[in-house]
Every structure is written in structure tokens, then in C-alpha cells.
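S.K.: What shape does this take:
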Amino acid sequence: MAKGNSREPGAGGQGTGLANFLAAQPGDPWQPTLAAIAQRFNREYRGETVDLPDEVKALPIYQEKVAGILAPKAASPFWEMARPKKGERWLDIGCGVSFLIYPWRDWDAFFYGQEICSVAADGLNARGPQLNSKLFKGVKLGAAHQLGYENAVFDGAIATGFSCYYPLDYWKLVLAEVKRVLKPDGIFVFDVLNPESPLAENWAILETYLGSEAWLEPLTAWSALVKDAGGKVIKTQPGELFQLYKVKFS
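M.R.: Numbers count the residues shown, from 1 in each chain. Coordinates of the predicted model:
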């Protein structure tokens, strides 16, 4: 598709829940991993607790989580790397409830989402139009390696907070999909867990007990992966746990 095409991203089909979504992909080798991660975050969005061993509860990082101190340390301000502009179309992959908590109305950019957690997707699809029916274009239930949108329709894409739950082989597929749906001059912003962070190892232990194993990949491996996918890292920004990458594809 030509650069600047005004074609609307295709709506595509959306399953009525996690079970339907997974059942539609019986041959996908990533299905067990996707199911485990979706289950973990569905529990979290429902507010369900996980019975953790006492030694895990004793970790300082768990105490920070309970106190609400950990969440800001794990947040990645993607807009500091590439702020959505008025009238642009942006895809938030693994969006959670992004449209409800970030200033999309101030940016005046069109929001499209894709999310593996059915509780988050259903909740955002219910509340998003109430917040701003003009800018909110809906959330699809689906995995990051199978984006339910047409080629070259987005000005930017975001993927924060979940790269660490998948190996690099999976992210090869994700980068290929992101490249496919971006316009030729589109921007991709994503974050990765920095294994050199003093918090990383204990954070990974906690995440594993909560139901989603975290991969501690070196930052050099991520840079190489982007290059192999035909991308160029334009900018990086370190955080307390995660490092942000701003990427353009050739």
C-alpha cells in the first residue's frame, strides 16, 4: 500500500473470549505459552489473588508490588520516545486498558488495540467508546504475532510491558507483523526487560510465581534482532526495569 494511504484499518473478526481465540489456532506452537500468559493476566484484571510461598512474599520486590511502589518502576513512557500526533493511527499491541489511562484525547490520535487478555479487551471495548467514540477504534482479541490488521495502515505502533514473557524466536514473528502493518515511515516503540537492572532477577522470580515466566535476554540480543528484522534503532531510553526502543523499518 502506498505511503499516506487513507484506507481504514480492517476490522477483522474477534473471538468472544479467550477459549474461542485459542481454539481457532490449534496448530499454533505458541498456543500453550499464549494460554498461560492470558490466564495470568485475566486473573490479575479480575483482581484474583495467587497463593505465593512465604519466601516469595518476603522478597522486597513483592512488598513494593503490594504497596504500589513497583508499578511506576515498571512503567515505560512510550510517548517520550514518539508522541502520537493529531489524526494519526496508532496500534497498541498488548494494550491492556491503555486508552483509559493515557492521554489519547490530548494527542487527538486514533487508537487501535490488540490484546491477548480477554478481560482487558472486553473491558476496554465496553468503556473506550464512552470515553471518546471518535478516537477509540476498538481492541481485537489476539496475539502479537498475528495482528488482525491490514498492511501499511498505521503511523505508529506500541508494544510495552510484555516482551519479556516470550523468547526471541517469538519476537522475530512479532517484528515481522509490526513491520507489515506500519506505513513505510511508521514508528515502532517497544520495551524490553534490562537484565542488568538490580531489580530484574527478583522481578523475574516474582513474575514466574505469578504465572508468567520472564526471559532475561541481553540488550545486545534485542538490538541484533531488530537489525535482522530490517529495523533500525533510532533511540533508546533506560528505565528502572525496562529499556525503551524506538525503531524504524527499511
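
S.K.: quick one: the residue in the chain sticking out farthest from the centre and Tyr62, what's the gap?
M.R.: Residue farthest from the centre of the chain, counting by Cα atoms, centre = their mean, is Asp54 at 30.6 Å. Spatial separation of Asp54 from Tyr62 under the definition Cβ to Cβ, to the nearest Å is 10 Å. For every residue, glycine as well, the C-beta is placed using N, CA and C.

S.K.: cool, and Pro32?
M.R.: 26 Å.

S.K.: who's more crowded, those two?
M.R.: Set side by side, Pro32 and Tyr62 give different neighbour counts by other Cβ atoms under 10 Å, the larger being at Tyr62 (20 against 10).

S.K.: wait, isn't the more buried one in contact with Glu207?
M.R.: No. Checked against Cβ atoms under 8 Å, the pair Tyr62 and Glu207 is beyond contact range at 10.9 Å.

S.K.: Residues that sit against both of those two, list them.
M.R.: Taking Cβ atoms under 8 Å, 6 or more residues apart in numbering as the contact criterion, no residue touches both Tyr62 and Glu207.

S.K.: Got phi/psi on the closest residue to Asn132 other than its chain neighbours?
M.R.: Of all residues not flanking Asn132 in the chain, Arg105 sits nearest, at 5.5 Å (Cβ to Cβ, 6 or more residues apart in numbering). The main-chain torsion angles of Arg105 are listed as degrees, to the nearest 10 and equal phi -70, psi -40.

S.K.: what number of residues lie near Arg105?
M.R.: Arg105 sits with 14 neighbouring residues when counted by other Cβ under 10 Å.

S.K.: Kindly report the same for Asp108.
M.R.: Around Asp108 sit 15 other residues, with neighbours defined as other Cβ under 10 Å.

S.K.: I'd say it and Arg89 touch.
M.R.: No. Here Asp108 lies out of contact with Arg89, judged by Cβ under 8 Å, at a distance of 11.9 Å.

S.K.: Which pLDDT value does the model give the nearest residue to Met81 once chain neighbours are set aside?
M.R.: Of all residues beyond its chain neighbours, the one nearest Met81 is Lys246 (4.4 Å), with distances taken as Cβ to Cβ, 6+ apart. Lys246 carries a pLDDT value of 98.

S.K.: count of residues packed around the closest residue in space to Leu193 that isn't next to it in sequence?
M.R.: Leaving aside its chain neighbours, Leu193 sits nearest to Cys164 (3.9 Å; criterion: Cβ to Cβ, 6+ apart). Burial of Cys164, expressed as a neighbour count using other Cβ under 10 Å, amounts to 22.
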